[in-house]
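In: with the sequence up front, the predicted model follows.
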Amino acid sequence: MKTKDAGMLILLAALWGASFLFMRVAVPELGPIVLIDLRVLIAAAGLLLYTLALRRRPHIRHKWRQYLVLGACNAAIPFCFIAAAEMSMNASLAAILNSMTPLFTAVISYIWVKEAFTWRKSMGLLLGMTGVIVLVGWNAQAGGTSLVGPVLLSLAAAVFYGIGGIYSARAFQGEQPLDLAIGQQLAAGLLLLPVALFFLPAHLPGISAISSVLMLALLSTAFAYLLYFRLIINVGAVKTVSVTFLVPVFGVVWGWLFLDEPLSTGTMLGLMIILLGVGLVTGIRLGWRRKQAA
C-alpha cells in the first residue's frame, strides 16, 4: 500500500472512530432520532453538491424501493440504535461493540446466501462473543446493570449493518458507489423525517451539539464515504477492510482524549479479543497474501 493510500486509510478510520464521539456529544441535546436524521440528510446534501461539482447526476430513482430498504437497514436503524445506546454508554464502548459487524455478517451470510461457515469463522465468532463478555462484564462492575440495554442496542446495530451489507451486495450489483452513498443517506433521511418531527428538542441545542452534528454529517459520513470509495478503487476491497481494526482504536482514543473516558484493563482486553475474532472471520491477512502472490 502506498504512503498516500495508507494515510487515507488512517484518516478514514479516524473519521469513523470520531463519529462515536460526535454522537456522544450531540445525542443528549437532540435525541437519537433527530440527531441521526440531521446526520443523514446533511450528509446526502453534501454528497449531492459533490456530484454537481463533478457535473454528473446521481442515478438512484430506478431503484428507489431498494434504496429505502438499504437506507433503513444500513443507516437509519443502526445509526439510531447506536445513538440511543450512547445516551448512557461511553463512546469508546460503542465503537468497540460496533466492530462486531463482520462477525454478525458472517453468520447472516451463512443463513441468507449459504456462504460456508468455516472453522476460522466459528472460532472468530466465539472469540468475538468472549470479547463482548469481557468488555461488558468488566465495565458493568462500575456501571451496574445499566449497560445491558445499551449493549444490546449496539449489538443489534451491528446485526443490521450485516444485513445491509449483504443486501447491498445482492440488490445493487453494477451500481456506482457514489450513487449508493447518496441513495442510502437520502432514503434514511426521508424515512426518519416524519418520525423526527415528533421528537424535536424543546430547546435550541448548544454550540457543541451543533458543531458535532455538522462534523458527524460532513466529515464522518459524507467525506468518509468519499475516502472509502477512493480506497476501494486504489487498493481494493480486501485491504480497505483493514479499517475495521482501526475504527474502534480511534473510538477509544477520541473518547479518552476529549471525553475523559477511562481506559480500563477490561476495555483494552475486550477490544483485543474482539479484534482477534474479527481477524479470523475476515481472513484479512490471508487475503493480503493471496493478492500479493497474484
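Out: In hand now; what should we look at? Quick caveat, the model's predicted, so the values are computed rather than measured. Numbering: from 1, shown residues only.

In: so where is the stretch 151-294 of the chain shaky, pLDDT-wise?
Out: Counting by pLDDT under 70, the stretch 151-294 of the chain shows low-confidence ranges at 237-238, 284-294.

In: who are the packing partners of the helix ranked longest in the chain?
Out: When the chain is parsed with DSSP state H, its longest helix is helix 3-30. Here helix 3-30 touches helix 32-53, helix 77-85, helix 91-98, helix 207-217, helix 224-235, helix 243-259, going by 3 or more CB pairs under 8 Å, 6 or more residues apart in numbering; DSSP states H and E. Where you see a C-beta, it was placed from the backbone N, CA and C, and this is true even at glycine.

In: taking helix 91-98 as reference, get the angle to the last one.
Out: I take that to be helix 243-259. Orientation check (axes from the mean of the first three to the mean of the last three CA atoms, to 10 degrees): helix 243-259 against helix 91-98 gives 170 degrees.

In: can you check the first one too?
Out: Direction vectors for helix 32-53 and helix 91-98, defined by the same axes, to 10 degrees, enclose an angle of 70 degrees.

In: next SSE after helix 32-53?
Out: Toward the C-terminal end, the helix or strand that comes next after helix 32-53 (DSSP states H and E) is helix 64-71.

In: mind listing residues that contact that next one?
Out: 40, 60, 164, 167-168, 171-172, 180, 183-191 (CB atoms under 8 Å, 6 or more residues apart in numbering).

In: and for stretch 175-195?
Out: So stretch 175-195 is contacted by 33, 36-37, 40-41, 43-44, 47-48, 50-51, 58-60, 63-64, 67-68, 70-72, 74-76, 79-80, 168, 172, 221-222, 225-226, 229, 232 (CB under 8 Å, 6+ apart).

In: apply 7 Å and report the result again.
Out: 33, 36-37, 40-41, 43-44, 47-48, 51, 58-60, 67-68, 70-72, 74-76, 168, 172, 221, 225, 229, 232 (CB atoms under 7 Å, 6 or more residues apart in numbering).

In: looking at the helices and strands packed on helix 3-30, which is buried most?
Out: A comparison of those by mean neighbour count, using mean count of other CB atoms under 10 Å, puts helix 91-98 on top with a mean of 28.

In: got the CA coordinates for it in CSV?
Out: Output in CSV follows, covering the C-alpha atoms of helix 91-98 (Å, rounded to 0.1, in the frame of the first residue of the first chain):
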residue,chain,number,x,y,z
ALA,A,91,-18.3,6.4,23.0
SER,A,92,-15.4,4.0,23.3
LEU,A,93,-17.5,1.1,24.3
ALA,A,94,-19.9,1.8,21.5
ALA,A,95,-17.1,1.9,19.0
ILE,A,96,-15.7,-1.4,20.2
LEU,A,97,-19.0,-3.2,20.1
ASN,A,98,-19.6,-1.9,16.6
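
In: for the following helix or strand past it, which positions count as buried?
Out: Next along the chain after helix 91-98, taking DSSP H and E as the criterion, comes helix 101-113. Using 16 or more other CB atoms under 10 Å as the burial criterion, the residues of helix 101-113 that qualify are Thr101, Pro102, Leu103, Phe104, Thr105, Ala106, Val107, Ile108, Ser109.

In: what's helix 101-113 packed up against?
Out: Helices and strands touching helix 101-113, by 3 or more CB pairs under 7 Å, 6 or more residues apart in numbering; DSSP states H and E, are helix 119-143, helix 148-171, helix 265-282.
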